[in-house]
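Enquirer: Here's a sequence, model it:
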Amino acid sequence: MMKFFRKYNKQLLAVFMTLLMIVFMGGAALEGMFNPSGNRVVARSRLGDITEYDQQLVARATRPMEIMGIDWRRLFGGAGKALQEVDWILLVREAEEFGTRAGESSARNWFQTDTQLDDISRRMSIKPARVLQAVADYRSILQTAFAVADSAAPSAAAVAAAARDALEAVRINAVVLPAEAFSDPTYEPGNAEIEAQFEAYRSQEAGTGLNFGYYQQPAVQVQFIEIDRDAIATQITLANLDRRAKSYFERERTTNLKFRRPADEIRLPPGVEGPPQDPYLSWEEAGEIAKEGVRIEQRRSISVDVLLHKGFVEAAHDISRHDVLVESDLQMAKRWMPPSEASLPTDIRDAVGRVSSKHIKAGEPIRHNAINRRTLVRRGDPIIVRCLVGGTVISIQAEARGVGSEGDII
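Expert: The predicted structure follows:
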């Protein structure tokens, strides 16, 4: 056995190194092949399953585009939903199915010169093939989107038909009869007709002609005072500014771009070896920036009290307890009030006929808890109960077993 190893030690060493290189270079692929649980399926579609390994490949493919300033998550701009890795995989597969897959030559034409591709690859420390692959996927998705949009455009015949329908005119001879000539100016509708007219169109907005409508959109009138925030901020002295700025710096250091060094300061000069420069500024370098950030945060904090200017019902004179309110007891008024008082009665008709539950002074707002519905029946009162059975009305005398107002069930 030892003679065999001594005789073929070079061949065995070469085989071992080859296997080691395969494991090192294709570790993720081998793990996905021999360990299915590590390459689980995250989505299924008609174009095939999407695995975690596919998402890792997309992350590697889209990284060059992010560095080149291409927002691959929003290809056409706007504030719509951003694309995810799964969306990108499906779009690339759709492009392959439609036959709009961009090749290497199309990706190369995207760069102005070949040296530009080499410079980008060198700056990213990746192979040019990866950059070309990312640009090819990007151009494939755009070509597919444009092809689908062109197929959805209306044909020339459809455009001609729409233009004809919109522009074609017909000339007719007509006699105009004014409606005023047939109306009775002395006619006065009754209350029943007015209520029927209102009920028929109360849920519609007013239109033109006979398109009646009495619905009004809910609206809120807002009044505000504009404050010069910067003028106030210059007069505000911040306590413990250094301590608060230090806390702001530690919280925002890795997320605020103001604390990040320029790219040319992070990279080492050519020919210089050593660890790369810290991409973030130190406290000594960014102290003033952090203090300014604290000042800006304070400028954004403004406390306001909200008041509503609205109409409400108030007492026209002193009202005693247990008085039945009539229209002459009440009047409308307006004033600024907090939102907690915005639920006051806003229509005199809502308070007429109610009974005051306390003494109300002149000019005092009529609140819901200060008026009660008028008691019509008390416990023990004799009452007449009428029941409609088919076409027959049955009336019986009874005794009330409780207190009730209009609409109550006792």
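
Enquirer: which residue sits closest to residue 378 in space, ignoring its chain neighbours?
Expert: residue 403 (5.5 Å; Cβ to Cβ, 6 or more residues apart in numbering). No exception for glycine: its C-beta is placed from N, CA and C like everyone else's.

Enquirer: err, residue 357, not the other one
Expert: Residue 357's closest residue in space is residue 372 (Cβ to Cβ, 6+ apart), at 5.3 Å.

Enquirer: neighbours around the residue nearest to residue 378, how many?
Expert: Counted by other Cβ atoms under 10 Å, the residues lying close to residue 403 total 14.

Enquirer: Can you give me every residue that contacts it?
Expert: 375, 377-379, 410 (Cβ atoms under 8 Å, 6 or more residues apart in numbering).

Enquirer: Correct me if wrong: the residue nearest to residue 357 contacts residue 358.
Expert: No - using Cβ atoms under 8 Å, residue 372 makes no contact with residue 358, being 10.2 Å away.

Enquirer: related to what we said a few turns ago, format the contacts of residue 403 as JSON lines; extra columns: pLDDT, neighbour count and distance to residue 308.
Expert: Shown next, in JSON lines, are these (pLDDT from 0 to 100; neighbours: other Cβ atoms under 10 Å; distance: Cβ to Cβ, whole Å):
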{"residue": "375", "pLDDT": "77", "neighbour count": "12", "distance to residue 308": "34"}
{"residue": "377", "pLDDT": "82", "neighbour count": "17", "distance to residue 308": "39"}
{"residue": "378", "pLDDT": "82", "neighbour count": "11", "distance to residue 308": "40"}
{"residue": "379", "pLDDT": "82", "neighbour count": "11", "distance to residue 308": "42"}
{"residue": "410", "pLDDT": "79", "neighbour count": "12", "distance to residue 308": "38"}
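
Enquirer: So which of those is the closest to residue 306?
Expert: residue 375 (38.5 Å; Cβ to Cβ).

Enquirer: hang on, the earlier thing: find me the pLDDT at the residue nearest to residue 357, would you?
Expert: pLDDT, residue 372: 84.

Enquirer: tell me the contacts of it?
Expert: Residue 372 sits in contact with 354-357, 405, where contact means Cβ under 8 Å, 6+ apart.

Enquirer: Which stretches in the stretch 1-150 of the chain count as helices?
Expert: Along the stretch 1-150 of the chain, counting by DSSP state H, counting those that start in this stretch, helices occupy 2-7, 9-25, 27-34, 52-67, 85-98, 104-109, 114-124, 128-152.

Enquirer: again, but for the stretch 151-300 of the chain
Expert: Using DSSP H, counting those that start in this stretch, helices in the stretch 151-300 of the chain cover 156-167, 191-201, 229-233, 241-252, 263-266, 283-299.

Enquirer: Residue 306 contacts residue 340, correct?
Expert: No - applying Cβ under 8 Å, one finds residue 306 not in contact with residue 340, separated by 10.4 Å.

Enquirer: before we move on, back to that, how close does the residue nearest to residue 357 get to residue 297?
Expert: 52 Å (Cβ to Cβ, to the nearest Å).

Enquirer: Which element, helix or strand, includes residue 376?
Expert: strand 375-377 (DSSP states H and E).

Enquirer: swap in residue 334?
Expert: Going by DSSP H and E, residue 334 is part of strand 330-337.

Enquirer: Tell me the helix or strand right after that strand.
Expert: Counting by DSSP H and E, the element after strand 330-337 in chain order, helix or strand, is strand 355-356.

Enquirer: Could you list every helix and strand in contact with that following strand?
Expert: strand 371-372 (3 or more Cβ pairs under 8 Å, 6 or more residues apart in numbering; DSSP states H and E).

Enquirer: from the chain's centre, how far out does the strand it packs on sit?
Expert: Mean-position distance between strand 371-372 and its chain equals 43 Å (Cα atoms, centre = their mean, to the nearest Å).

Enquirer: try stretch 307-321
Expert: 40 Å.

Enquirer: what comes up buried for it?
Expert: 312-316, 319 (16 or more other Cβ atoms under 10 Å).

Enquirer: got these as JSON lines, with pLDDT columns?
Expert: JSON lines is the format used below for those (pLDDT from 0 to 100):
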{"residue": "312", "pLDDT": "85"}
{"residue": "313", "pLDDT": "89"}
{"residue": "314", "pLDDT": "90"}
{"residue": "315", "pLDDT": "91"}
{"residue": "316", "pLDDT": "92"}
{"residue": "319", "pLDDT": "91"}
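
Enquirer: Distance to residue 107 and secondary structure added to those residues, as CSV?
Expert: What follows is the buried residues of stretch 307-321, written out as CSV (distance: Cβ to Cβ, whole Å; DSSP: H, G, I helix; E, B strand; the rest coil):
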residue, distance to residue 107, secondary structure
312, 71, strand
313, 75, strand
314, 77, strand
315, 82, strand
316, 84, coil
319, 86, strand
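
Enquirer: Residue 277: which of the residues you listed is nearest?
Expert: residue 312 (67.6 Å).

Enquirer: among the helices of the stretch 151-300 of the chain, which gets the worst mean confidence?
Expert: Across the helices of the stretch 151-300 of the chain, the lowest-scoring stretch is helix 229-233, with a mean of 65.

Enquirer: ok, the closest residue to residue 132 other than its chain neighbours - contacts?
Expert: For residue 132, ignoring the flanking residues on the chain, the nearest one in space by Cβ to Cβ, 6+ apart is residue 107 at 4.4 Å. Residues near residue 107 by Cβ under 8 Å, 6+ apart: 132-133, 135-136, 139.

Enquirer: If any of these are buried, put those into a ChimeraX selection.
Expert: The buried residues among the contacts of residue 107 can be selected in ChimeraX (16+ other Cβ under 10 Å) with this line:
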select :132,133,135,136,139
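
Enquirer: just the contacts of residue 107 now: which is nearest residue 93?
Expert: The closest of these, once distances to residue 93 are taken by Cβ to Cβ, is residue 136, at 13.8 Å.
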